[in-house]
Each structure stands twice: as C-alpha cells, then as structure tokens.
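Chemist: Predicted model and sequence below, questions to follow.
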Amino acid sequence: MTLLPGRPVVDVASSVGRVPVGDGWVRVLDDVPADCRGQVVVASPFGMQGRDLFPLSYLLNANGFRTLRFDGRDSVGQGSGRMVDHTLSALVADLAALDRHHPGSLLLAVSLAGRSALRCLARGAGYRAAVLVTPVVDARRTVEQVLGVDHVGVPQDDWPATFEVMGHVLNHRFLRDCIDAGLVDLPGSLADAGGVAAPVTVVAGEDDPWVRLADVEAVARAMAARAPVRLVRVPAASHELTKNPVVAKRFFVEAVREALRLLGDPAPEPVVPTFAELIAARSRRAELEP
Amino acid sequence: MERSTGETRSVVADASSLVSLPEDPPPSGRDVSSTGYKTGVVEAVSYLDWLLSSSDLFALHPEAIDDIRCSLMGESLAHHLAANDRYRAYAARSGFGPEQVEGIAGPDDLLRVPLLTTMVFKATTSRVATPTAEPATSTTSSGTQGTLSVVPRDDTTLMRFFASIAASSRELCGVESTRHVVLTLAPPFEQVDDVWLAYVMCGLGLSHRTTAYVDGGVLLLDRLLHDLGVLAKGDDPVALVGPPALLLDVVEGLGRERVPLPEGSLVLAVGGWKRRRGEAVGRATFDGRLAAALGLPVTAVRDVFNMVELNTVVVECAEKRKHLPPWLTAHAREPATLEPVPDGELGVLTFLDPTPTSFPGAILSDDLGRVWHRHACGCGITSDVVDIVRRVARTESRGCAMRVGPRSGARAGGRS
C-alpha cells in the first residue's frame, strides 16, 4: 500500500480514564509517546470533545509531549452532565482538577476554553505555562458575533428559553454564569490577566471575526505585568480552525513550537507529521476513540 | 463575506494583494517596551486557504466569484507552469504560457486553459505531477473504467480537499463536524488499497466520529443496522455515506422495518453505481426508498460528485442541484472542439480547480453533463450548478478523438 507515510506513525501508549471533579467527572484521553519530555492538558473549544483534537494531540505527541485531552463536565463527550447545562465556570474547575491530578503540566486551550484557562491561571493553578490558541477574551462580543444577537445586553426575562450555539442547545446557565462569574467581557479578562504569573503564549489570527486582535493584545499586555508573555500573530487567519486543515495546521504548529519554547528550547523546530500520517494514525485509533 | 483588519474591505479581485505581511511587523522575539510582551508573526495564510476556511461561501456575489476564480486559477497556473516541466511544454504547444496567465481578466479567458484528460493520469503520476516540497500520497480511481488513474496529492492538496468537503457539507447539507456521526459504507484504512474514495472516507475520521462498515469487501449489514437502531434513539444527527448500491443494500436489509434517524440526519450517495450499474434505479425511487427506510425527508438524500482527478467535492442542495463552490469552474463543452455549449446543453465536463498544488487542476473529464451558470436555485443559493449525466462511452471517446482535427479556428485548451 502506498498510503502509509514515509515516517512511521508515532507510537503512543494510550489509555482512557476519569478524573473526579465535584460530583462528576471528566473523561481523559491520555496519550504518552516514547521519550516523553513533558505533558500538556489540552482543552477543546466550545462544543468539541477530546477526540476532536486528535490532530493537535498527535502533533504534540510527535514532539515528545504526553497529551491529556478531556471531555469536560456538562459538555459534549463522555464527561458527566449534559451539554445543555454547559458553563465556563465548570470548565475552570475541570482545568483546576486536571492540574492537581497531573501536576507540572502545560496547559493548551483553544478558543472559548481559553477564557476558562485564563481564569484558572489567575486563581493560581499550578500549570507551569500555557498556550492559548485563538482565545476568546470578550465572550459577550464573540457570542454576539456567533448568534447575531447580544443576549447579554437584554434583560434575562427577554432571553429565549434556550440558545442554539453552533448546533448545541444551551439553557440560561451558560449566560448567567458568564455574567455572574465575571467571565463575560473584556474587563473581566483583563482583571484575570493581571493575576496570571505563569508564562503564557497566545497564538491569534489577525483576521478573526469572532475575537478582535486588539482585545487579545490588551490581555497580553495585562498578563505581561507579572508574567513572561509572547503573542504570535497569524496573518490572514480566522477563527474556526475545523474548516480548513491548512489553517488549523498553521496555528497548531505554532502552538507546539511555543510549547517547546516554554519547556526551554530556545529555537524550537517542531516535528510536523503530514496530513496523510494523521489519517493513518487516526484510523488506527478507531477502536480506542471512535 | 469580507476580509477585515479593523475596516471593511470588499472581496478582492486581486488575491495577491492580500497575501502580505504587515508593512512594519513588530520585531520578532524581542521585547517591545510599549507592550511588555514578546511578539512573533508567522507566514500568512494564502487567500485560497483563507477562503476555504470562511463562512457563507455560497452567498458570494456571482461577480465576486468570477474575480475569485480568475485570480486563484491564475495563481495556480503560474505555479504549475513554473514547476511542472511537462505541463509547461504541453501548454506551450497550445500557445499558453505565463503571458496568457497574466492576461486572465475574465471568465472567458479561463476557457483557454490547457486541459489534462484523464488519460494522462493513467498508471503513473509522472506525466502530471508538479514537484512540491511536501511528500505526495498517490491514490487511484476504482478501476471500473479500465486502467487506473493515479493522482499525486501532497499535503496541501489533500488538506484543501477535505476543506472542500467541510465547506460544502456544512453550507449545503448542514453537517457539523462536532455533531454529526458519520457511518461510511467503506472499508477500514488497512483495506483501502489506495482507492481514492475509500481513502477519503477514512479521512473523514479526522473531523467526525466515523465508523466503517465494509470488511473484506462485504457490507457489515447486521452491525450497521444495529448501530443505526442505537443512534435512532439518540439526539446526534447521522450522516450515512456510501455508494448508492450499498445504500440500497441497507434498505433491503431493513426490509419492512423503519429506523427513523434523528433530526438533521442525511444520506450522502458517493461514487456512483460502478460495477453494479445494472442494479441502478431512478433517482426518485432511490431517494424515496432511503428516505422512507430512515424516516427522513427526501430532501435529506443527496448525491456527491467527485472524481479522483478533481480535488474538490460538489455537493447537492435540498433541491438536488449540485452547486459549485466559488473557487471551482466548470464548463460543458462540445467534445470535438471543446467550445463551451450553452447553459443546460449536454457536453463533456471540464473543471478548473486551483486547490491542488501537486498536479494541475485543469481537467477534461470522462463525464457528459450540463452546466448552468449563475443559477438561482430554489434552495436560495445562486451559483453555477452542474448535472452529471453519464460517462463518455468508449466508442464516443474514440469518435471524439477522430473528430479533433487541426486546431485552426478552435480555442486553445485542447486535450493532451
């Protein structure tokens, strides 16, 4: 067969487990490569579960990182609870639990998970460093861009019974939590950013219609008051990385480069598996993570 | 849909103007005292890749689409003419070169692009491959038409193909990668045997929860029916994807039973009847039987067109029209002269696809069909649409070859 890539597919030891959080649990997909040099907790974007970030995880594995992808509570996938009850605060707690369970990890969070990651870091979680990819720093604005309506700006009595966000139905808990927990807007993000002490790299698209680069820059400045911060800009790139693997690869390679840099490599050049290798590798995992 | 960095810009005619780094990028890796953080800027995403990751692609204005096609195809041709010696030499015999690429100003100019017949893809990639820095994966046609076509796809080409699937399936079928569970009537990766369609179905596993239901050439009907029953009780929509003959086998397997799938589910017929052509049924019958068996509206049964030499999928809307995405150009042409035929008339189908980097995406297909330009469809989309009627019969193709005489008076862009 000619479809197998020239390089051997990265060999990882994989397992599935649970980490208890409060009354529930998160489900963890744990992949450990040979010659492991570090470990990364990988937080998925809104509406996605751990298996959906296999390409990013594999890229990290190829560069010696153990990856801990997870299905959060009240989210899609096999964590406890229901997606309809999804909140950013629950994800903050999930990330804190994973930090306690897997100390010394890097944290890599994508999109809306980046907001929860920022809160988690601000509260003194022990993550040694973080990479935030297209982080949402103004949830109100992002939700408005996605839904076309600024629900935060209207009284709760006027909210619809449920919201459909990117194909997922949510009840009022999501918005209520955003507002009550101070997770809803840029001032909240700036306040959290000022409390971050761990090194952080942000990888952001310059043409992101859902996240203004200027807002990300403001958060980076706020973080830089206490922590080493790096902002990597990807010109001409938008937000939804799932639409085109070429764009996703651009962001993810930079995220891995930064993860290597945060581990101490001064001039990291990530090993980048081919897309064909990803297809082959993913196919081999069909039993473990369908 | 517009590209914006803080201000609104119209969709551009000159794509090259977008692929540029900021004029004064901040110094990379050094402290910038006004910000307090270090900065880095990476290589810009190309306009084509930005387009492939955008939304509302099928809402673009037809004139903007013309500009996009001319610009992107021009860039693609410039790349292949520069890097592909054989294509350059072949194009030169038609009087087509860099100067003609520079002169592409409107859709009519694209009719001059030299086309590759499927014959040049047969058995080897050496006649078509454009060298790139990335390794290429070669896949083949199914072989039902005789000698296999072998097509080299480097990583960028392969990724853009899957981007075309994501774009069209989302906008025309409502498929969400995070929600739809995909059941493929295809073999697992180990049994793909380099066949393009089967390989594509495996590749869907990168973006969807996907399960394959063919093993050793046999449809795992019992397992599929069981899993359909389980999924029918849940909320996640299902996309059942496979060749039409196997899809009807599923219906046969259900017998009188019905498995009403969750809202948003759909059936995607891919690959054609192939060796089971004798069992083909009419479209209305096909759609009706599948819809009834799976508790779906007939609008949820769609056909998907692709050929191994084409790096873009063409997907049907709910009105059963196959809409061309904005980067893909199609014509129906008179076989003897390759002159375009009027909208709605039968001709041999040609495609201009800027997405492949490892082979020129200028294809003279083996299919007869019809094209309508700027068709205002009942689904709400106005776009070029294509109807695939049938394969060119071998006697017809030989006849076409005999009728192609000296090129005087004929457009450049003949067959190789």
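Modeler: Nice, I can see it.

Chemist: Please report how far B:Val267 lies from B:Glu316.
Modeler: Counting by CB to CB, to the nearest Å, the separation of B:Val267 from B:Glu316 is 11 Å. Every C-beta, even on glycine, is put in place using the N, C-alpha and C of the backbone.

Chemist: got it, and A:Glu144?
Modeler: From A:Glu144 across to B:Glu316, the span is 33 Å (CB to CB).

Chemist: Now A:Leu175: closest residue in space that isn't a chain neighbour?
Modeler: Closest residue to A:Leu175 apart from its sequence neighbours, by CB to CB, 6 or more residues apart in numbering or on different chains: A:His151 at 5.9 Å.

Chemist: counting contacts, what elements does the lengthiest helix in chain B pack onto?
Modeler: With secondary structure taken from DSSP state H, chain B has its longest helix at helix B:62-83. Counting by 3 or more CB pairs under 8 Å, 6 or more residues apart in numbering or on different chains; DSSP states H and E, the packing neighbours recorded for helix B:62-83 are helix B:47-52, helix B:85-93, helix B:98-102, helix B:107-110, strand B:382-391.

Chemist: right, and these - which one's nearest B:Ala136?
Modeler: Closest of the helices and strands packed on helix B:62-83 to B:Ala136 is helix B:85-93, at 15.3 Å (criterion: CB to CB).

Chemist: Give me the mean pLDDT for the closest one.
Modeler: The predicted model gives helix B:85-93 an average pLDDT of 97.

Chemist: Let me see the ranges of the helices in chain B.
Modeler: Listed in chain order, the helices found in chain B under DSSP H are B:47-52, B:62-83, B:85-93, B:98-102, B:107-110, B:155-173, B:196-203, B:221-232, B:244-254, B:283-294, B:394-403.

Chemist: Just the buried positions in the third one, please.
Modeler: What it means is helix B:85-93. Residues of helix B:85-93 classed as buried under the neighbour-count rule (16 or more other CB atoms under 10 Å in any protein chain shown) are B:86-88, B:90-91.

Chemist: What of the shortest one?
Modeler: Applying a neighbour-count criterion of 16+ other CB under 10 Å, one finds B:107, B:110 buried in helix B:107-110.

Chemist: Summarise which helices and strands it is packed against.
Modeler: helix B:62-83.

Chemist: Only alpha carbons, please: show the helix it packs on as PDB.
Modeler: Coordinates of the C-alpha atoms in helix B:62-83 are reproduced here as PDB (Å, rounded to 0.1, in the frame of the first residue of the first chain):
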ATOM      1  CA  PRO B  62     -21.600  36.000  -8.800                       C
ATOM      2  CA  GLU B  63     -19.300  38.800 -10.000                       C
ATOM      3  CA  ALA B  64     -17.100  38.300  -6.900                       C
ATOM      4  CA  ILE B  65     -17.000  34.600  -7.700                       C
ATOM      5  CA  ASP B  66     -15.800  35.400 -11.300                       C
ATOM      6  CA  ASP B  67     -13.000  37.500  -9.800                       C
ATOM      7  CA  ILE B  68     -12.100  34.800  -7.300                       C
ATOM      8  CA  ARG B  69     -11.900  32.100  -9.900                       C
ATOM      9  CA  CYS B  70      -9.800  34.100 -12.300                       C
ATOM     10  CA  SER B  71      -7.400  35.200  -9.600                       C
ATOM     11  CA  LEU B  72      -7.000  31.800  -7.900                       C
ATOM     12  CA  MET B  73      -6.700  29.900 -11.200                       C
ATOM     13  CA  GLY B  74      -4.200  32.400 -12.400                       C
ATOM     14  CA  GLU B  75      -2.000  31.800  -9.300                       C
ATOM     15  CA  SER B  76      -2.400  28.100  -9.600                       C
ATOM     16  CA  LEU B  77      -1.500  28.100 -13.300                       C
ATOM     17  CA  ALA B  78       1.500  30.200 -12.600                       C
ATOM     18  CA  HIS B  79       2.700  27.700 -10.000                       C
ATOM     19  CA  HIS B  80       2.200  24.700 -12.300                       C
ATOM     20  CA  LEU B  81       3.700  26.300 -15.400                       C
ATOM     21  CA  ALA B  82       6.800  27.300 -13.300                       C
ATOM     22  CA  ALA B  83       7.300  24.000 -11.600                       C
END
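
Chemist: okay, the angle between that helix and helix B:85-93?
Modeler: Using axes from the mean of the first three to the mean of the last three CA atoms, to 10 degrees, the inter-axis angle of helix B:62-83 relative to helix B:85-93 is 110 degrees.

Chemist: Off-centre distance for helix B:62-83?
Modeler: Taking CA atoms, centre = their mean, to the nearest Å, the mean C-alpha location of helix B:62-83 is offset from the chain mean by 16 Å.

Chemist: just to revisit the earlier point, which residues are in contact with both of B:Val267 and B:Glu316?
Modeler: With CB atoms under 8 Å, 6 or more residues apart in numbering or on different chains applied, the overlap between the contact sets of B:Val267 and B:Glu316 consists of B:Arg302.

Chemist: out of those two, which sits in the more crowded spot?
Modeler: B:Val267 (27 against 22; other CB atoms under 10 Å in any protein chain shown).

Chemist: just checking, that one touches B:Leu294?
Modeler: Yes: contact status for B:Val267 versus B:Leu294: in contact at 6.8 Å, counting by CB atoms under 8 Å.

Chemist: Overlap in contacts, the two.
Modeler: Counting by CB under 8 Å, 6+ apart, the shared contacts of B:Val267 and B:Leu294 are B:Leu240.

Chemist: on that earlier part again, farthest pair within the buried residues of helix B:85-93?
Modeler: Within the buried residues of helix B:85-93, B:Arg86 and B:Ala91 form the most distant pair, 9.5 Å apart (CB to CB).

Chemist: Now for chain A, the helix or strand with the poorest mean pLDDT.
Modeler: The helix or strand of chain A with the poorest confidence is strand A:163-165; it has a mean of 89 (mean pLDDT, DSSP states H and E).

Chemist: Pairing partners for that strand, with directions?
Modeler: Taking DSSP bridges as the criterion, strand A:163-165 forms sheet pairs with strand A:168-170 (antiparallel).

Chemist: In the partner strand, which residues are buried?
Modeler: A:168, A:170.

Chemist: What's the separation between the residue nearest to the spatial centre of chain B and chain A?
Modeler: Most central in chain B under CA atoms, centre = their mean is B:Thr312, positioned 1.6 Å from the mean C-alpha point. Taking CB to the nearest CB, to the nearest Å as the criterion, B:Thr312 is separated from chain A by 13 Å.

Chemist: where in chain B is pLDDT low?
Modeler: Of all residues in chain B, those with pLDDT under 70 make up the ranges B:1-33, B:145, B:393-416.

Chemist: Chain A too?
Modeler: Low-confidence segments of chain A (pLDDT under 70): A:1-8, A:290.

Chemist: Could you count how many residues lie near residue 98?
Modeler: All of this refers to chain A. Residue crowding around A:Leu98 was assessed by other CB under 10 Å; the count is 25.

Chemist: nope, chain B please
Modeler: Every residue meeting other CB under 10 Å relative to B:Pro98 is counted, giving 13.
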